[in-house]
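**Student:** Quick one: sequence and predicted model below, then my questions.
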Amino acid sequence: MIPQSFIQELLARVDIVDVVGRHVKLRKGGANWMGLCPFHGEKSPSFSVSPIKQFYHCFGCGQHGTAIDFLMAFSGYGFVDAVKDLAQDLGLNVPNEQGDRDPKAAAARARAPDLIQTVERAAKFYGHRLRDAQHAIEYLKRRGLSGQTAARFRIGYAPPGWQALEAAFENYGDSSLVESGLVIAPEAAPDASPRALSASASEAVSEAAPDTKFVRRRRYDRFRDRIMFPIRNARGHVIGFGGRVIDQGEPKYLNSPETPLFSKGRELYGLYEARDALRQLNAAVVVEGYMDVVMLAQHGVENAVATLGTATTPDHVRVLSRLVDRITFAFDGDRAGRKAAWRALEASLPHATDTRRIEFLFLPTTHDPDSFVREKGSEGWAAALAEAMPLSEFLLRELSSRVNLTQPEGRAQLQSQSREYIMALPAAALRQQLIRRVADSVQVGAEDLERFYGISGPSGPRSRPPLRRLSPQRATAVPAIERIFGLAGRHPSLAFEIPLDPSDRAPTIDPGVRWAHAGIEADSACLTPAELPAEVQSWLRRLRTLPEGASLASVLALLKDSPDLLARLSAHEASPWAGLSLDEARPEFHRALAELVLGRLQDEIAQLVEGGLTGPGDSARYQGLQRRMLALKAAYGRVRR
């Protein structure tokens, strides 16, 4: 956990006008700065940023908060990521209450600001060199790239010399050049040879003999005679590069190595450039190549991103799931493309909630996204996208194609092979639908298949699967208060875990959220039942009139004279949380309560801000609410209401 003292220091040192101004065009208006709200469409500015209070507020949609809140809402960051991002700008290391257990990681974080400056200088150098490289310009023109698109993506050119970067840096021997992956040092790669590391195979053949001693004796540029694609993080900082050989040569693409700034398993090319389109369309297209992203953007498809020469990873899907509800993987239709799509499917399964659509688009074998959009245009691309295959269909088709379903042995193979994929899905409606589809294909009953998977049995779970957590990063269609009603109604014993009365005992199982109990000293991250809305307290007390282990049938009998409550409970049965066991429901229930408290704090803060903090004690109340909200966010993450 990040210490509260550090969070307060961070907010005291950061300039919220600078943070917001990087993403919103602001104009001075009296004591505050005004602009068009980035969270809802408007023609007249109602979005206010106060440099005095270090607070933003939209009088149109009600969004408000600190610099941390803004990054979380605008960029899709989690709380910790937002704190780290602001701290990096200020050159601060983010501590934790247990201390940093990894000295190497701490040293890497301390070096990050210097490395960012180094990589940025290299990006500018490559950009300037493109202007003088006529053969590189001609290559890009042949590929159909416009100058405007090249400038938007900061595409550049790495000259062919062994130490071309020496012209960009006063000290070519600086260790940051090696740490950032721009330069290869003999001591870092003793077995490196021009043949293995040159920009192209032909260069290796022609230059290996005369330069071998030179390479082993001195450091040299990693990227030579290549079109350079700067890779930017979510803040727009250049953190690495992808270099494409011009015309013929191997390797065709050369990426930056793993560095303290760059990890290809976590980063997505074009994510920064696509940020506005992702937010507006609530959809992302994932492709494989740099040129795919660039040419799609040039043709108006601006929500495309690319993996960086690696298979799609769970981290890639997690990043996109925080930002959008629809993800389409677009791959070539050949064998390699389908193999890449299958890996993307495996990474996506845990994120395939009922409120998120994950699809797969397979292009004709003669096309990749680059060539397809150049030939068919944006309308042709949109038509192809509309025919994308849902994750469920791709999963079943691929598994079924591996077996002979006309034979019992083949059906048994499908039944066995499907288990790990079905169980990787969240326990929600989509998983239930797939279980029925597989059951039909293998000619067994759905209940029999569930028992085979270990989901259920004659006397409860036969082999307990790992606990599932259905807390998507983005806002869901089920408000926190409805999740509280539904989860507690299905599992009434949860109501006994909230210390509504002084005599209540602390729960023996950690629910993931700390509550203030009588006789126990509470810290700032503890919730208090008094902060819950009256209707929630009333609902929990009503459930507590039942025995602690009461069933759903007992709850329904209790509510027989309350049709409104019965309707609310029935609505829960269609939600992603309906199928959770008690152990799985417990953390979701307590976190929903935490989210509700956070939401009420935000509403009260908004009321104070709208009133101008002019009443007696308003400023003190505002500061106290801010401290309280920051403490809870640090412990329980962002608000989903």
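**Tutor:** Great, that's in hand.
**Student:** list the contacts for A167?
**Tutor:** Neighbour list for A167: F125 [criterion: Cβ atoms under 8 Å, 6 or more residues apart in numbering]. Where you see a C-beta, it was placed from the backbone N, CA and C, and this is true even at glycine.
**Student:** switch to 7 Å and redo it
**Tutor:** Listed by Cβ atoms under 7 Å, 6 or more residues apart in numbering, A167 has no contact partners.
**Student:** now swap in F229 and tell me
**Tutor:** Contacts of F229 by Cβ under 7 Å, 6+ apart are 153, 155, 241-242, 269, 290.
**Student:** Return the set of residues that bridge with it.
**Tutor:** For F229, the beta-bridge assignment (DSSP bridges) gives partners G242.
**Student:** per-residue confidence for the closest residue in space to T545 that isn't next to it in sequence?
**Tutor:** Nearest residue to T545 in three dimensions, chain neighbours excluded: L558, at 7.3 Å (Cβ to Cβ, 6 or more residues apart in numbering). For L558, the pLDDT comes out at 78.
**Student:** you'd agree S180 is up against L115?
**Tutor:** Yes - between S180 and L115 there is a contact under Cβ atoms under 7 Å: 4.8 Å.
**Student:** more neighbours, the two?
**Tutor:** Neighbour comparison, S180 and L115: the larger count goes to S180, with 30 against 22 (by other Cβ atoms under 10 Å).
**Student:** Could you give the backbone dihedrals for the more buried one?
**Tutor:** Main-chain dihedrals, S180, degrees, to the nearest 10: phi -90, psi 0.
**Student:** pretty sure T328 contacts A386?
**Tutor:** No - using Cβ under 7 Å, T328 makes no contact with A386, being 10.2 Å away.
**Student:** any common contacting residues for S180 and L115?
**Tutor:** Joint contacts of S180 and L115 (Cβ under 7 Å, 6+ apart) are L261.
**Student:** Of T328 and A386, which one has the most company?
**Tutor:** The residue with more neighbours, out of T328 and A386, is T328; 21 against 8, by other Cβ under 10 Å.
**Student:** do you know how far that one is from D69?
**Tutor:** 30 Å (Cβ to Cβ, to the nearest Å).
**Student:** The residue lying closest to S256 once chain neighbours are set aside in helix, strand or coil?
**Tutor:** In space, and not counting its chain neighbours, S256 is closest to G240: 3.5 Å by Cβ to Cβ, 6+ apart. Under the three-state scheme (DSSP: H, G, I helix; E, B strand; the rest coil), G240 adopts strand.
**Student:** G240 touches R232, doesn't it?
**Tutor:** No - between G240 and R232 there is no contact under Cβ under 7 Å: 9.0 Å.
**Student:** lowest-pLDDT helix or strand in this protein?
**Tutor:** helix 194-197 (a mean of 40; mean pLDDT, DSSP states H and E).
**Student:** quick revisit: so between G240 and R232, which is more surrounded?
**Tutor:** Comparing G240 with R232 by neighbour count (other Cβ under 10 Å), the higher total belongs to G240, at 26 against 22.
**Student:** Look up how far L308 lies from that one.
**Tutor:** G240 is 8 Å from L308, by Cβ to Cβ.
**Student:** what sits in contact with each of the two?
**Tutor:** Common neighbours of G240 and L308 (Cβ under 7 Å, 6+ apart) are 231, 255.
**Student:** model confidence over stretch 31-43, on average?
**Tutor:** Rounded mean pLDDT across stretch 31-43 is 84.
**Student:** Which positions within that stretch qualify as buried?
**Tutor:** By 16 or more other Cβ atoms under 10 Å, the buried positions in stretch 31-43 come out as 32-39, 42.
**Student:** end to end, how far does it reach?
**Tutor:** Separation of the first and last residues of stretch 31-43 by Cα to Cα, to the nearest Å is 22 Å.
**Student:** so how far is stretch 292-299 off the chain centroid?
**Tutor:** Centre-to-centre, stretch 292-299 and its host chain are 22 Å apart (Cα atoms, centre = their mean, to the nearest Å).
**Student:** Stretch 614-633 too?
**Tutor:** The mean C-alpha position of stretch 614-633 is separated from the chain mean by 30 Å, Cα atoms, centre = their mean.
**Student:** hmm, who's touching it?
**Tutor:** 4, 7, 79, 524-525, 594, 597-598, 601-602, 604-605, 608, 611, 613.
**Student:** what about 8 Å?
**Tutor:** Contacts with stretch 614-633, where a contact means Cβ under 8 Å, 6+ apart, come from 4, 7-8, 11, 66, 68, 79, 524-525, 527, 594, 597-598, 601-602, 604-605, 608-609, 611, 613, 639.
**Student:** out of the residues you listed, which are buried?
**Tutor:** Among the contacts of stretch 614-633, those scoring as buried are 4, 7, 11, 66, 68, 79, 525, 527, 594, 597-598, 601-602, 605, 608-609, 613, 639 (criterion: 16+ other Cβ under 10 Å).
**Student:** May I see the buried residues of stretch 379-394?
**Tutor:** Burial within stretch 379-394, assessed by neighbour count using 16+ other Cβ under 10 Å, is assigned to 381, 384, 388-389, 391-392, 394.
**Student:** Among those, which ones are in helices?
**Tutor:** If you go by DSSP state H, the buried residues of stretch 379-394 have 381, 384, 391-392, 394 in helices.
**Student:** of all those residues, which two lie farthest apart?
**Tutor:** W381 and S392 (23.5 Å; Cβ to Cβ).
**Student:** hang on, isn't I227 packed against I137?
**Tutor:** No - I227 is not in contact with I137 according to Cβ atoms under 8 Å; the separation is 10.0 Å.
**Student:** who's more crowded, these two?
**Tutor:** Applying other Cβ under 10 Å to I227 and I137 shows that I227 carries more neighbours, namely 26 against 16.
**Student:** Show me the protein divided up by domain.
**Tutor:** 4-90, 104-255, 275-396, 480-636 (automatic domain parsing).
**Student:** wait, which of those is closest to Y421?
**Tutor:** domain 275-396 (6.0 Å).
**Student:** Let me see the residues that make contact with whichever strand or helix holds D69.
**Tutor:** Per DSSP states H and E: D69 is located in helix 67-75. Identification of contacts with helix 67-75 by Cβ under 8 Å, 6+ apart yields 7, 10-11, 14, 16, 19-20, 23, 38-39, 54, 56, 63, 65, 77-79, 81-83, 85-86, 234-235, 275, 630, 633, 638.
**Student:** so after it, what's the next helix or strand?
**Tutor:** Next along the chain after helix 67-75, taking DSSP H and E as the criterion, comes helix 79-90.
**Student:** Just to check, the residue nearest to S256 is in contact with E258?
**Tutor:** No - using Cβ under 8 Å, G240 is not in contact with E258; the gap is 9.3 Å.
**Student:** any common contacting residues for those two?
**Tutor:** Residues touching both G240 and E258 (Cβ under 8 Å, 6+ apart) are K264.
**Student:** which parts of stretch 113-130 are buried?
**Tutor:** By neighbour count on 16+ other Cβ under 10 Å, the buried set for stretch 113-130 is 114-116, 118-123, 125-127, 129-130.
**Student:** Tell me where the model's unsure across the stretch 51-200 of the chain.
**Tutor:** Residues of the stretch 51-200 of the chain that meet the criterion pLDDT under 70 lie in 91, 96-110, 187-200.
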